[in-house]
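# A predicted structure for the sequence below; I have some questions about it.
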Amino acid sequence: MAVTRTFSIIKPDATRRNLTGAVTKMLEEAGLRVVASKRIHMTRDQAEGFYAVHKERPFYNDLCDFMTSGPVVVQVLEGEDAVARNRQVMGATNPAQADEGTIRKTYAESIEANSVHGSDSDENAKIEIDFFFSPDEIVG
Ligand code: IDP
Ligand code: MG
């Protein structure tokens with residue numbers, strides 16, 4: 001299996017509860033390495049651009065409100081089959097459906113405030129990494 005990269009966000013519900021370290025520990029224990037990380041307060045433009053794929057969904061506006069409601073930690077994660085590995089440790093979008101031991105089952109508050117984002121394909125991982133990081137910020 002090839003070593004690849006994925007993009008992660010620790011969302012405002014998690015930073016508000018001081019869970020940055022706890023979430024990162026679960027990512028690391030899942031075999032992912034944090035090769036870039038920064039704490040930012042997303043602008044409305046950034047949130048709308050990042051989630052543009054969901055523009056027609058009923059939750060889009062609320063989601064952009066939520067993602068700009070407090071600080072987030074954006075990260076680049078590296079590991080074997082990083083996208084799938086991260087999706088596995090994240091758990092299902094709706095924490096009520098997430099498996100035991102996943103980040104969302106352990107920490108998420110709701111289907112919206114679900115503690116973490118993770119890319120859903122290698123192609124989107126590259127787009128999302130480029131959205132928030134310049135190459136010199138990523139140190140593998
Ligand atoms: P994912 O984060 O598991 O990939 P997506 O379908 O890509 O899930 O949705 C992006 C984000 O939008 C979710 O993580 C969650 O924060 C929010 N979201 C998704 N579905 C709903 C919903 O039905 N109601 C409210 N928020 C939602
Ligand atoms: Mg998604």
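Yes, it's here. Ligands and ions are numbered 1, 2, ... in the order given.

# Figure out the helix or strand that Thr106 lives in.
helix 103-107 (DSSP states H and E).

# Any buried residues in stretch 17-30, and which?
Within stretch 17-30, the residues scored as buried using 16 or more other C-beta atoms under 10 Å are Leu19, Thr20, Val23, Thr24, Met26, Leu27, Ala30. No exception for glycine: its C-beta is placed from N, CA and C like everyone else's.

# cool, stretch 131-139 as well?
Phe132, Phe133.

# neighbouring contacts of it?
Contact partners of stretch 131-139, identified using C-beta atoms under 8 Å, 6 or more residues apart in numbering, comprise Phe7, Val35, Ala36, Lys38, Ile40, Gln46, Gly49, Phe50, Val74, Val76, Ile129.

# Can you show me the helices along the protein?
Using DSSP state H, the helices found in the chain span residues 12-16, 20-29, 44-50, 60-67, 82-90, 103-107, 122-132.

# Columns distance to ligand 1 on top of these, output as CSV?
Shown next, in CSV, are the helices of the chain (distance: least, C-beta to the nearest ligand atom, whole Å):
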stretch, distance to ligand 1
helix 12-16, 9
helix 20-29, 14
helix 44-50, 10
helix 60-67, 5
helix 82-90, 7
helix 103-107, 8
helix 122-132, 10
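
# would you list those in JSON lines and tack on mean pLDDT?
JSON lines is the format used below for the helices of the chain (pLDDT from 0 to 100):
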{"stretch": "helix 12-16", "mean pLDDT": "99"}
{"stretch": "helix 20-29", "mean pLDDT": "99"}
{"stretch": "helix 44-50", "mean pLDDT": "98"}
{"stretch": "helix 60-67", "mean pLDDT": "98"}
{"stretch": "helix 82-90", "mean pLDDT": "98"}
{"stretch": "helix 103-107", "mean pLDDT": "99"}
{"stretch": "helix 122-132", "mean pLDDT": "98"}
